[in-house]
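Asker: The sequence isn't on hand, but the structure is:
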């Protein structure tokens, strides 16, 4: 059977320990280093340079010396977030404009379906015929998929504009960054709804016909993932 020993400190010992802890927190001697012409001591609150030219001792707040590196690291998060947002816009544009969300082989033709165009390739005579998708798919759910995809692109463009404003114009203002975060996550939600509804409905429509999702559908998924990544990185940057 294990035995435990309970240590009881007197009020005097507690006061001594508390005083030592306070002295340790306040002391500017957590780290020391020698630089050319001066000896530097770093604490949690003070940064002191001793034996500077003239034999002086200069102390400043530690945050003045340390926050520069943190800001640089934070800017890296914001820069990567900007790159991901640009990629998300490009991916969503490709997915939105291309008639290659779905492909299937029908008797005598290969059919590709996008949000706006329905194309039949290798029809008799080797022709490719494209018509508006709405002439083939007239249900309300397809209009909703189109709308969600467009909203996703608009939200991504808004996130891109807000990120550029934050990085190059309104550097000290947090509002554009929080707007960029919100619009990036909103874009991801819009795109997720569009691809989820499209996939569910196509599985119902093509139950007896084999089909595969094409590259434009994959690009929309990549846009959603890039938007999530950008939003997360910009959120981490905002919290620093």
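Answerer: Happy to help now that I have it. Only a predicted model underlies this, so the values are computations on that prediction, with no experimental measurement involved.
Asker: ok, the nearest residue to residue 98 once chain neighbours are set aside - contacts?
Answerer: With sequence-adjacent residues excluded and distances taken as C-beta to C-beta, 6 or more residues apart in numbering, residue 98 is closest to residue 216, at 3.8 Å. C-beta: built from backbone N, CA, C; applies to glycine. Counting by C-beta atoms under 8 Å, 6 or more residues apart in numbering, residue 216 touches 94, 95, 96, 97, 98, 99, 100, 101, 114.
Asker: I'd like the distance between the fourth one and residue 91.
Answerer: Residue 97 sits at a distance of 11 Å from residue 91 (criterion: C-beta to C-beta, to the nearest Å).
Asker: Which of those two has more residues huddled nearby?
Answerer: Set side by side, residue 97 and residue 91 show more neighbours around residue 91, with 24 against 15, by other C-beta atoms under 10 Å.
Asker: Just the buried residues of the contacts of residue 216.
Answerer: Among the contacts of residue 216, those classed as buried by 16 or more other C-beta atoms under 10 Å are 94, 95, 96, 98, 99, 100, 101, 114.
Asker: These into TSV, with extra columns for secondary structure, pLDDT and distance to residue 220?
Answerer: Below are the buried ones among the contacts of residue 216 laid out as TSV (DSSP: H, G, I helix; E, B strand; the rest coil; pLDDT from 0 to 100; distance: C-beta to C-beta, whole Å):
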residue	secondary structure	pLDDT	distance to residue 220
94	helix	96	8
95	helix	95	4
96	helix	94	8
98	coil	91	10
99	coil	88	13
100	coil	89	11
101	coil	92	8
114	coil	89	11
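Asker: now, among those residues, which is nearest to residue 145?
Answerer: Nearest to residue 145 among the buried ones among the contacts of residue 216: residue 101, at 9.2 Å, using C-beta to C-beta.
Asker: residues contacting that closest one?
Answerer: Residue 101 sits in contact with 95, 113, 114, 115, 198, 213, 214, 216, 217, 220, where contact means C-beta under 8 Å, 6+ apart.
Asker: Also residue 87?
Answerer: 222, 223, 226.
Asker: and the gap between residue 171 and residue 159?
Answerer: 18 Å.
Asker: Which of those two has more residues huddled nearby?
Answerer: Using other C-beta under 10 Å as the criterion, residue 171 and residue 159 rank with residue 159 on top: 30 against 11.
Asker: What mean pLDDT does stretch 57-64 get?
Answerer: The pLDDT scores in stretch 57-64 average 68.
Asker: contacts for the helix or strand hosting residue 150?
Answerer: Using DSSP states H and E, residue 150 maps to helix 140-164. Under the contact criterion C-beta under 8 Å, 6+ apart, helix 140-164 has outside partners 78, 81-82, 85-86, 88-89, 92-93, 95-96, 115-116, 133-134, 176-177, 179-181, 183-184, 186-188, 190-191, 193-194, 197-198, 201, 220, 223-224, 227, 230-231, 234.
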